[in-house]
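**Q** got a predicted structure here, sequence first:
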Amino acid sequence: MTPSIAIVHVHNPHWRGIRLWIPLFLLWIPLLLLAPFILLAVVVACLVGRVNPWSAISTFWALLCALPGTDVHVSSQQNLVLVRIL
Amino acid sequence: MNEHRRQILDMLAAGKITAEEAERLLTAIEPGAGNSTGAAAGSVGSDATDTTTKPRRKYLRVLVEADETMTGLKGGPTTVNVRVPMQLLRAGVRLAGLIPVQAHDQLDQAFSKHGVPITLSQIKPENLEELIDHLEDLTVDVDGKDGNVTKVKVFCE
């Protein structure tokens, strides 16, 4: 399952703070349109770097699919930074 | 398993055993019931002592608690709570396998220079699984100035 939403929450007492819900699934639209070019660029880069293109693509796909569930939460008494990938 | 359950229920229906005996027998044939003496004990024991049916760990958690003197930031202690899916770690190890062999030496030297003496070519997915198996609950106390301590806790869940 690829990541669908990223939540970024930054809070600071001296600043308004932000709470963003980033719909990552919308990135699929431009990615699918550009897929042939991206694929070509990846294959060329792999051949230049002497890396098996198939294993490179499968590894990056595995990384992408493993991202949901990642959660980083840093807080002090008044400051908060939260990044969550769903 | 279903056949045993049906036999017990048949015996109960036929009046050969009492409801209490049937309950005891049903508890006995439940998976994982062999390590406990009863249903209540089984529910507690399955978490704490049962090593044969260990649940597959899904996340690596890193918790850091540092006070002001360690971080240099005002406003009380700082806590860091990171949850990383195990699949991401496994994929990361696979990513290391993509690094060209000719770059390994340079990377190893760079890691050593920064105090991380590892050999990239020796990192394999099997090593990660072994590490995860042994990483039950690791707590590291980092001593700072004036006797302050930063607690770093690493565990899998």
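**A** Received, thanks.

**Q** secondary structure element for A:I57?
**A** helix A:53-66 (DSSP states H and E).

**Q** what residues of that helix count as buried?
**A** Buried residues in helix A:53-66, counted by 16 or more other C-beta atoms under 10 Å in any protein chain shown: A:A56, A:T59, A:A62, A:L63, A:A66. Yep, even glycine has a C-beta here, placed from its N, CA and C like the rest.

**Q** is any part of that helix close to chain B?
**A** Yes: residues of helix A:53-66 are located near chain B by C-beta under 8 Å from any C-beta of the partner chain, namely A:S55, A:A56, A:T59, A:F60, A:A62, A:L63, A:C65, A:A66.

**Q** up against chain B, what does chain A have?
**A** A:49-51, A:55-56, A:59-60, A:62-63, A:65-79.

**Q** got the residues of helix A:53-66 next to chain B as TSV, with distance to A:L20 and pLDDT columns?
**A** Formatted as TSV, the residues of helix A:53-66 next to chain B follow (distance: C-beta to C-beta, whole Å; pLDDT from 0 to 100):
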residue	distance to A:L20	pLDDT
A:S55	34	88
A:A56	31	88
A:T59	29	89
A:F60	25	89
A:A62	26	91
A:L63	22	91
A:C65	23	92
A:A66	22	92
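
**Q** dump the residues you listed into TSV; add distance to B:P125 as well.
**A** Output for those, formatted as TSV (distance: C-beta to C-beta, whole Å):
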residue	distance to B:P125
A:S55	13
A:A56	16
A:T59	11
A:F60	16
A:A62	11
A:L63	14
A:C65	16
A:A66	13
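
**Q** does B:R61 really touch B:T139, like I thought?
**A** No: counting by C-beta atoms under 8 Å, B:R61 stays clear of B:T139, with 11.9 Å between them.

**Q** higher neighbour count, these two?
**A** B:R61 (16 against 10; other C-beta atoms under 10 Å in any protein chain shown).

**Q** what's near enough to touch that one?
**A** Neighbouring residues of B:R61 by C-beta atoms under 8 Å, 6 or more residues apart in numbering or on different chains: B:N81, B:V82, B:R83, B:V84, B:K153, B:V154, B:F155, B:C156, B:E157.

**Q** ok, A:G69 next?
**A** Here A:G69 is in contact with A:I85, A:L86, B:K58, B:Y59, B:R83, B:P85 (C-beta under 8 Å, 6+ apart).

**Q** any figure for the gap between it and A:V83?
**A** A:G69 sits 12 Å away from A:V83, going by C-beta to C-beta, to the nearest Å.

**Q** do the same with B:N127
**A** Taking C-beta to C-beta, one finds B:N127 at 28 Å from A:V83.

**Q** so the two - more neighbours on which side?
**A** A:V83 (16 against 11).

**Q** hey, what's the more buried one bridged with?
**A** A:V8, A:V72 (DSSP bridges).

**Q** torsion angles phi and psi at B:K124?
**A** phi -130, psi 160 (degrees, to the nearest 10).

**Q** could you check which helix or strand contains the residue nearest to it when sequence neighbours are not counted?
**A** Residue nearest to B:K124 in three dimensions, not counting chain neighbours: B:V93, with 7.1 Å by C-beta to C-beta, 6 or more residues apart in numbering or on different chains. Here B:V93 is covered by helix B:86-96, with elements defined by DSSP H and E.

**Q** that helix: what's the following helix or strand?
**A** helix B:101-113.

**Q** regarding B:R24, what is its secondary structure?
**A** helix (DSSP: H, G, I helix; E, B strand; the rest coil).

**Q** lowest-pLDDT helix or strand in the chain?
**A** Defaulting to chain A. strand A:15-23 (a mean of 87; mean pLDDT, DSSP states H and E).

**Q** was after chain B, sorry
**A** Lowest by mean pLDDT, DSSP H and E among the helices and strands of chain B is helix B:39-48, with a mean of 40.
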